[in-house]
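> Give me a 3D structure for the following:
(chains A, B, C and D)
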2 protein chains.
Amino acid sequence: MPLTLEDIAKVAGVSRSTVSRVINGDENVNAATRAKVDEVLKRLNFQPNIAARSLAAGRTGIVGLVIPAGVNTIFTDPYFPQLIQAVTTTCNANDYSVMLWLAEPTYERRTIRQILHGGLLDGVIVSSMLVDDPIVQALYDSHKPFVLIGRHPTLDVNYVDVDNVYGARQATQHLLQLGRRRVGTITGPRNMIAGIDRYQGYREALRCFNQSCSDELVVEGDFSEKSGYRGMQQLLLHRPDAVFVATDTMAMGAMRALRERNLRVPDDIAVVGYDDGPAATQLEPPLTTIRQFTTKLGVAAMENLMEIIRNPGSGSRHQVLQPELVIRVSCGSPIS
Amino acid sequence: MPLTLEDIAKVAGVSRSTVSRVINGDENVNAATRAKVDEVLKRLNFQPNIAARSLAAGRTGIVGLVIPAGVNTIFTDPYFPQLIQAVTTTCNANDYSVMLWLAEPTYERRTIRQILHGGLLDGVIVSSMLVDDPIVQALYDSHKPFVLIGRHPTLDVNYVDVDNVYGARQATQHLLQLGRRRVGTITGPRNMIAGIDRYQGYREALRCFNQSCSDELVVEGDFSEKSGYRGMQQLLLHRPDAVFVATDTMAMGAMRALRERNLRVPDDIAVVGYDDGPAATQLEPPLTTIRQFTTKLGVAAMENLMEIIRNPGSGSRHQVLQPELVIRVSCGSPIS
DNA sequence: ATGATTGTTGGGAGCGCTCCCAATAAAGCA
DNA sequence: TGCTTTATTGGGAGCGCTCCCAACAATCAT
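Coordinates of the predicted model:
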């Protein structure tokens, strides 16, 4: 049978309240008393009952991390592991526990209700992917503290994000500066913010160089390796001399397609990826890509969330990180 | 402010107790009353407070899924995603929620304590990898219901497992039956049960064919792609004509090494993997491997756990699934 | 020395739920 | 008809914790 505060109190010769104070770091405890209680606490390996605390105090020390994507996506793309890692680590460092929801985009209503109204979570981090994810709206309507990873197109919510438009612009400009003139792109899905923003950055870069954006050089992918492969095949019909691929994973597929056609990278065609995941360095040749500090993103999200939990009702918080171009081999040197 | 039982009761014109009965499916409620309460419940979108239920009833409807491996391993190996998927789905189908712990093998004590004594979990599933994982011992000492995925070498605990010895024997025998005579292996780590068992199966197969097991044809890997690559390079020094690789992921690495040396699969060297993950079909040539029904494993684990939760104190339960050989191209046809 | 202040502690109330028992109404039986 | 049985319902107790307030002792200023 698990111990209770009262048990500890009896052993330490103090009251329930005092033990509670010690556990929660209340200032108003005599140093000697605190030492004594601490000793008993440690000796009996006491762990307070989370449910009881939740009920009494209205907080649990648990935050939810909701990743609305199929398990396959989550574990294929190196982005999510890094994110999960970062959030988990930050949580633990701050005495929070994480509850991880890997949800298919079509939630059961029950799941959402549980997340929102079960009373178990102090706050929620959502790695929002879809433009119109129902859970975001639901969180917005509830008053539970939450932070989005990735900006939201319409709602004014707390979020942290990397500047996808900027990153994509950097990538595309890099290709243009090297003298490439038929720069294609394999985009992400158009119902995901990141997909839209990166495409936007691509177009802005073209405009900077007074290039028109011809539809034949734009293919929509879905972030998977296979869609990169297919996308590249399609693109090749229109003889691009460079491609901006909206994900390293898709870039892998794209390069597989090029290899099959015996096209050389970067000589025949230059490739830029996006993410700077582990694959980037393993590819042949190593991939020039956009580094987006996924870890920082996760940490920032959690820090914001904790701030919101501590201090609710303050205005909505936005934090945008700048990604940076990592130059490797896949774009080669300037073409004269 | 979230609703309470009392709120619902007031609206429905009944008592708190009756509402509770309806929610928990108690038989002793008049049909008309139940309908009325159900209607209110649905209309107001009521969700009982988990903490309060936990405190009063001693159950939460939450189970923990503990995966004691680095995040990198977890997301590299296709085994875990499938497992997580299976457990999560089964949970949801049975009105349980999952709390996922991705823990580095060296747990903080705090984490373990929380898992065990926080009182939040009705039960725990541990995907035990390491032979002497501290959390298994801790769970064993506590009296919390738990199920291991993967047998335990010494403790008599509830587990579900696939027969790794059998699977590895099948794989190796397949190579031997095709006439290969210098069959090497890249094993898993020796501190993981699965690694040990598969190596054991390999040796048993050799013994069946009256082959001695020469140390030079055995290399230890760590389940990673890279270790497969390295292992193969090492193995090649001793001219094997076939390899049993204890993981598809490692097999990928092994085949990369072979490609680099311009060795043909299966002509020059035959390869069998283990897992039948998505990579198996994508490899060139498609990989003959052992299918181990990871999904079934996850489902079985959860079903056992629920049974144990419902019915504690029954003897320990063991369930072992048989894996099967999936023949593709990487072993070729019999050698005359 | 007296009243006010500060530091420290103990105990009551109550969070929202489940479980149990008692109360009531309805039905069955002699 | 009177009494037992059954079906249905309501309310008290209590799960383990936090929060609040009151109690007390020790210290301070006057």
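
> How about the contacts made by whichever residue of the stretch 201-336 of chain A sits closest to DNA strand D?
Closest residue of the stretch 201-336 of chain A to DNA strand D, CB to the nearest atom of the strand: A:R310 (12.4 Å). In this view, the C-beta of every residue, glycine as well, is placed from N, C-alpha and C. A:R310 is in contact with no residue at all, counting by CB atoms under 8 Å, 6 or more residues apart in numbering or on different chains.

> likewise A:Y202?
Neighbours of A:Y202 in contact, by CB under 8 Å, 6+ apart: A:A168, A:R169, A:A171, A:T172, A:T185, A:T187, A:C213, A:F244.

> For the third one, which non-adjacent residue is spatially closest?
This points to A:A171. A:V272 (4.3 Å; CB to CB, 6 or more residues apart in numbering or on different chains).

> same check, this time on the last one
Among residues not flanking A:F244 along the chain, A:T185 sits closest, at 4.6 Å (CB to CB, 6+ apart).

> before we move on, what about the first one?
Counting by CB to CB, 6+ apart, A:G201 is the residue found nearest to A:A168 once chain neighbours are left out, at 2.7 Å.

> and the one you found, what helix or strand is that in?
helix A:193-208 (DSSP states H and E).

> Give the buried residues for that helix.
A:193-199, A:201-206 (16 or more other CB atoms under 10 Å in any protein chain shown).

> and that helix, how far from the chain's centre?
20 Å (CA atoms, centre = their mean, to the nearest Å).

> For the stretch 201-336 of chain A, which segments are assigned as strands?
A:218-220, A:242-245, A:270-272, A:289-291, A:318-321, A:324-326 (DSSP state E, counting those that start in this stretch).

> quick revisit: from A:T172, how far out is the residue nearest to A:A168?
For A:G201, the distance to A:T172 (CB to CB, to the nearest Å) stands at 7 Å.

> Just confirm A:H318 contacts A:Y159, I think it does.
Yes. A:H318 is in contact with A:Y159 according to CB atoms under 8 Å; the separation is 5.9 Å.

> Mutual contacts of the two, please.
A:R151.

> So between the two, which is more surrounded?
Neighbours were counted for A:H318 and for A:Y159 using other CB atoms under 10 Å in any protein chain shown; A:Y159 has more, 24 against 14.

> Phi first, then psi, for the more buried one.
phi -150, psi 160 (degrees, to the nearest 10).

> residues in contact with it?
Shown in contact with A:Y159 (CB under 8 Å, 6+ apart): A:S128, A:V147, A:L148, A:I149, A:G150, A:R151, A:H152, A:R317, A:H318, A:Q319.

> three-state assignment of the closest residue to it other than its chain neighbours?
Nearest non-adjacent residue to A:Y159, counting by CB to CB, 6+ apart: A:L148, 4.0 Å away. Under DSSP: H, G, I helix; E, B strand; the rest coil, A:L148 falls in the strand class.

> which one among the contacts of A:Y202 gets closest to DNA strand C?
A:T187 (46.3 Å).

> ok, A:P134 to B:T88 distance?
From A:P134 to B:T88 the distance is 19 Å (CB to CB).

> So between those two, which is more surrounded?
Legend: neighbour count by other CB under 10 Å for A:P134 and B:T88, higher for B:T88 (23 against 14).

> Check which helix or strand that one maps to.
helix B:79-93.

> The helix or strand that that helix is followed by near chain A at all?
Where DSSP H and E defines the elements, the next helix or strand beyond helix B:79-93 is strand B:97-103. Yes. Shown here: strand B:97-103 in contact with chain A (CB under 8 Å from any CB of the partner chain) through B:S97, B:M99, B:L100, B:L102.

> Quick check: neighbours of strand B:97-103 in the sheet, parallel or antiparallel?
With DSSP bridges as the test, strand B:97-103 is paired with strand B:62-68 (parallel).

> So what touches the partner strand?
Residues from elsewhere that reach strand B:62-68 (CB under 8 Å, 6+ apart): B:50, B:74, B:80, B:83-84, B:87-88, B:91, B:96-105, B:107, B:115, B:120-130, B:133, B:135, B:302, B:305.

> how about a cut-off of 7 Å?
Strand B:62-68 is contacted from outside by B:74, B:80, B:84, B:87, B:91, B:96-103, B:105, B:115, B:120-127, B:129-130, B:133, B:135, B:305, using CB atoms under 7 Å, 6 or more residues apart in numbering or on different chains.

> With just CA atoms, put it into PDB.
This file holds the C-alpha atoms of strand B:62-68, laid out as PDB (Å, rounded to 0.1, in the frame of the first residue of the first chain):
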ATOM      1  CA  ILE B  62      -4.300   4.900 -18.000                       C
ATOM      2  CA  VAL B  63      -1.600   2.500 -18.700                       C
ATOM      3  CA  GLY B  64       2.100   3.300 -19.200                       C
ATOM      4  CA  LEU B  65       4.100   2.100 -22.200                       C
ATOM      5  CA  VAL B  66       7.800   2.200 -21.300                       C
ATOM      6  CA  ILE B  67      10.300   1.900 -24.000                       C
ATOM      7  CA  PRO B  68      13.800   1.800 -22.500                       C
END
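
> pLDDT of that strand, averaged?
Average pLDDT, strand B:62-68: 86.

> Compute the inter-axis angle for it and helix B:79-93.
Between strand B:62-68 and helix B:79-93, the angle formed by their directions is 180 degrees, by axes from the mean of the first three to the mean of the last three CA atoms, to 10 degrees.

> Run the chain-centre distance for strand B:62-68.
Distance, centroid of strand B:62-68 to centroid of chain: 11 Å (CA atoms, centre = their mean).

> Likewise for stretch A:205-219?
Per CA atoms, centre = their mean, the centroid offset for stretch A:205-219 relative to its chain is 29 Å.
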